[in-house]
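Asker: Kindly generate the corresponding structure for this input.
(2 chains)
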Amino acid sequence: MDYDQARYSRDDQYEPLLAEKNATRVEIDEEDSPLPDELTRDAVELPDLSEPELARHYTRLSQMNWGVESGPYPLGSCTMKYNPSFTEDVAADPNAAVHPDRSARSVQGSLELLYDLQDYLARIGGMDAVTLQPPAGAAGEFAGILVAKAYHEANGNDRSEVVIPASAHGTNFASAAMAGYDVVELPSDEDGRVDVDALEAALSEDTAALMLTNPNTVGLFERDIVDIAEMVHDVGGLLYYDGANLNALLGRGRPGDMGFDIMHYNVHKTFATPHGGGGPGAGPVGVVEELAPYLPSPRVRERGGNYELFDPEESIGKVHGYQGNWLVLVKAYAYIARLGDEGLADSSAKAVLNANYLASQLDYEVPYEPFHHEFAATAGDRDAADVAKRMLDYGVHPPTTKWPEFVPEAMLTEPTEVENRDSLDDLAHAFNAAMADSDEELANAPSKTTARRIDQVSAAREPRLSWRALDADGE
Amino acid sequence: MFEVPEDRKYLESHEYATTDGETATVGISDFAQDELGDVVFVELPAEGDEMTRGEEFGVVESIKAVSDLYAPVSGTVVDVNEELFDRPELVNEDPYGEGWMLEVEVSDADEFDELLSPEEYRDQTE
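Answerer: Reported below is the predicted structural model:
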């Protein structure tokens, strides 16, 4: 596919800000302000534009941007799924706009939705109880590890370590450390999976939990998971499932059946809710029966045909206001309900098929197989970041680069189930054409995008966090 | 070929400590700076801090990766190269000279015996 990205600029500046286009000075009567003088202004410049000027501004910005609605976006481990717009319609329904302080009696429908979502997630993950509270995947991890900690403490077990494979997402290490645990890092074996001997050596009476992502970061299923679960349970530890790659297993395998005790769900990766971009998101947590009393509060239950909020008896407390990020949960619910059992199983089948078809079309080595929904190709003796930048010139978004670190010049690729064969072929063409291009073409890429090659070094060494340089007075 | 000066010894994780003075100068090797690529940020302990051989004493961040720095020897930090906070590129330009990180008063000189000689370190990086 030929591609040239839109580029609106004037005097070397991209599309000006609204206030730079046309602004009006509005005087403020500060007599009325209860704030101290040094915090108030006498006047403020506000944008003053007609409706078409406003519409054009945002259209231009969107044309100079790239999203999954522009083309394929195969960022491995990030799972950039398309968000079906019907879920937005459902969330925009006036009936979804309920104040969280309303009495349970007056919002039975909303509570029923939350109750059913708890139930759907529990059944999808093979868990016994679910909280919808945590506002993001990483927040779910943290809540899950706090639940593990509360459980161990209640049983008089003073445990100090959480074991995490080196290939895990960085959030795992952060969640365990935030919860006060020492992190024991586990090397991968030659096949890219958990090294069972190293695990044996790492486990002890101090082990509070092992955190695992399955399939793992290079898309490999942990075949020894049943043995791994037994090893962890034998020392009295808990097995934590990072739900980042649950989209590979939907309807085909359940963490609970593999022996996991706690898991979080990344609803944006698994059920196509929008990525948070800082929020709002949702990272529900599921646990086995024994851990249910420690879940964050409130949860939703059904009593005599009515739905109500309740606090689990040994709850770790609140991890978010009210019932979590309600509208994100509505979208996850809508997606699950619309797809149903067959649709969910079909989405995981297509996620795995698409990744494997795409890899089969690439002139790249993929060191770790058999992979599922994502794979780590290697750029070999080329710089993965340069190849990725060159891919932009072929009208696709490149994969995640240089991670995980144990794959040299990694290009971690996850097309997701939403792409059809045509767009997978476009992606394959971009991969292969970029790899065949000269070193010079790679060094100067991208050349067809709005923003050309970014000076990453200066950006990191001398960051300028404003759209224009401020002087010492902030003027 | 990377430079491996003879007047210092090395850790497997690519930190060096000089052996010719009353205090040891600590930094990272030419090989390490090349592997990291453009260094954009260096985090170091303060003067007076203690460090223990093999344990983390700081962080070096490049556009490619964030890496922990490990202490080649135990001792007390007597000087810190604060120039690196403004000019982290010195680590790339002159890792054994202007890109030095710490001066350490070594608490146990025997620890030098456990470090790699220049020859052993050269073998490791080839």
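Asker: CA only for contacts and neighbour counts going forward, please
Answerer: OK.
Asker: how about the residues of chain B near chain A?
Answerer: Counting by C-alpha under 8 Å from any C-alpha of the partner chain, the residues of chain B lying close to chain A are B:38, B:40-41, B:63-64, B:88.
Asker: Go again with 6 Å.
Answerer: Selection of chain B residues close to chain A by C-alpha under 6 Å from any C-alpha of the partner chain yields residue B:40.
Asker: Could you report the neighbour count for the one residue in chain A that gets nearest to chain B?
Answerer: Chain B sits closest to residue A:461 of chain A, with a gap of 5.1 Å, by C-alpha to the nearest C-alpha. Neighbour count for residue A:461, taken as other C-alpha atoms under 10 Å in any protein chain shown: 19.
Asker: again with residue A:60
Answerer: Neighbours of residue A:60 (other C-alpha under 10 Å): 15.
Asker: What's the mean pLDDT across stretch A:331-351?
Answerer: When pLDDT is averaged over stretch A:331-351, the result is 97.
Asker: and that stretch, how far out from the chain's middle?
Answerer: Counting by C-alpha atoms, centre = their mean, to the nearest Å, stretch A:331-351 is centred 18 Å from the centre of its parent chain.
Asker: List the neighbours of that stretch that are in contact with it.
Answerer: Contact partners of stretch A:331-351, identified using C-alpha atoms under 6 Å, 6 or more residues apart in numbering or on different chains, comprise A:87, A:117, A:247-251, A:271, A:373, A:416-417.
Asker: Widest-spaced pair of the residues you listed?
Answerer: A:117 and A:373 (24.5 Å; C-alpha to C-alpha).
Asker: Quick check: phi and psi on the residue of chain A closest to chain B?
Answerer: phi -80, psi -40 (degrees, to the nearest 10).
Asker: In contact with it, which residues?
Answerer: Listed by C-alpha under 6 Å, 6+ apart, the contact set of residue A:461 reads residue B:40.
Asker: Give me the local confidence score for it.
Answerer: With respect to pLDDT, residue A:461 scores 86.
Asker: more neighbours, residue A:117 and residue A:373?
Answerer: A direct count of neighbours by other C-alpha under 10 Å for residue A:117 and residue A:373 places residue A:373 higher, at 30 against 23.
Asker: Let me know the pLDDT of the residue nearest to residue A:175 when sequence neighbours are not counted.
Answerer: The spatially closest residue to residue A:175, leaving aside those adjacent along the chain, is residue A:142, at 4.8 Å (C-alpha to C-alpha, 6 or more residues apart in numbering or on different chains). At residue A:142, the pLDDT value in this model is 98.
Asker: What values do phi and psi take at whatever residue of chain B ends up closest to chain A?
Answerer: Nearest residue of chain B to chain A: residue B:40, at 5.1 Å (C-alpha to the nearest C-alpha). Residue B:40 adopts backbone torsions of phi -120, psi -10, taken as degrees, to the nearest 10.
Asker: now the closest residue to residue A:149 other than its chain neighbours: how far from residue A:417?
Answerer: Nearest non-adjacent residue to residue A:149, counting by C-alpha to C-alpha, 6+ apart: residue A:208, 7.3 Å away. Distance from residue A:208 to residue A:417, counting by C-alpha to C-alpha, to the nearest Å: 36 Å.
Asker: Those two: who's more crowded?
Answerer: Counted by other C-alpha under 10 Å, residue A:208 and residue A:417 do not tie: residue A:208 has more neighbours, with 29 against 22.
Asker: Which secondary structure elements does the strand or helix carrying that one sit against?
Answerer: Following DSSP states H and E, one finds residue A:208 within strand A:207-213. With contacts taken as 3 or more C-alpha pairs under 6 Å, 6 or more residues apart in numbering or on different chains; DSSP states H and E, strand A:207-213 sits against strand A:161-165, strand A:238-243.
Asker: rerun that using 8 Å as the cut-off
Answerer: Strand A:207-213 sits against helix A:137-154, strand A:161-165, strand A:238-243, with contacts defined as 3 or more C-alpha pairs under 8 Å, 6 or more residues apart in numbering or on different chains; DSSP states H and E.
Asker: ok, back up a step: where does the residue nearest to residue A:149 land on pLDDT?
Answerer: Residue A:208 is assigned 98 on the pLDDT scale.
Asker: ditto for the one 3 residues further on
Answerer: With respect to pLDDT, residue A:211 has a value of 98.
Asker: Just to check, it is in contact with residue A:167?
Answerer: No - contact criterion C-alpha atoms under 8 Å: residue A:211 and residue A:167 do not qualify, at 11.1 Å.
Asker: Tell me where the model's unsure across the stretch 201-350 of chain A.
Answerer: By pLDDT under 70, the low-scoring segments of the stretch 201-350 of chain A are A:277-279.
Asker: Could I get the full set of strands for it?
Answerer: For the stretch 201-350 of chain A, strands defined by DSSP state E, counting those that start in this stretch occupy the ranges A:207-213, A:238-243, A:262-265, A:285-287, A:299-303, A:306-310.
Asker: quick one on the thing from earlier: extract the C-alpha trace of the strand holding residue A:208 and format it as CSV.
Answerer: Below are the C-alpha coordinates for strand A:207-213, written out as CSV (Å, rounded to 0.1, in the frame of the first residue of the first chain):
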residue,chain,number,x,y,z
THR,A,207,7.6,-17.5,48.7
ALA,A,208,4.3,-15.6,48.9
ALA,A,209,3.5,-16.0,45.2
LEU,A,210,4.7,-16.8,41.7
MET,A,211,3.4,-14.3,39.1
LEU,A,212,3.0,-15.8,35.6
THR,A,213,1.8,-14.7,32.3
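Asker: Tell me which residues of stretch B:76-86 come out buried.
Answerer: B:76-82, B:84 (16 or more other C-alpha atoms under 10 Å in any protein chain shown).
Asker: Just the closest of those residues to residue A:1, please.
Answerer: Nearest to residue A:1 among the buried residues of stretch B:76-86, with distances taken as C-alpha to C-alpha, is residue B:84, at 46.0 Å.
Asker: check contacts around the closest one.
Answerer: By C-alpha atoms under 8 Å, 6 or more residues apart in numbering or on different chains, the contact list for residue B:84 reads B:41-42, B:90-91, B:99, B:101.
Asker: Would you reformat these as TSV and include neighbour count, pLDDT and secondary structure?
Answerer: Compiled in TSV, these are given as follows (neighbours: other C-alpha atoms under 10 Å in any protein chain shown; pLDDT from 0 to 100; DSSP: H, G, I helix; E, B strand; the rest coil):
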residue	neighbour count	pLDDT	secondary structure
B:41	20	94	strand
B:42	22	96	strand
B:90	21	97	helix
B:91	29	97	helix
B:99	22	97	coil
B:101	25	98	coil
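Asker: Assign residue A:99 to helix, strand or coil.
Answerer: coil (DSSP: H, G, I helix; E, B strand; the rest coil).
Asker: residues near it, how many?
Answerer: Neighbours of residue A:99 (other C-alpha under 10 Å): 9.
Asker: Next: the one 10 residues further on.
Answerer: Around residue A:109 sit 15 other residues, with neighbours defined as other C-alpha under 10 Å.
Asker: chain center to the helix or strand hosting it, what's the gap?
Answerer: Using DSSP H and E, residue A:109 maps to helix A:108-125. In terms of C-alpha atoms, centre = their mean, the centre of helix A:108-125 is found 21 Å from the chain centre.
Asker: Many thanks, have a good one.
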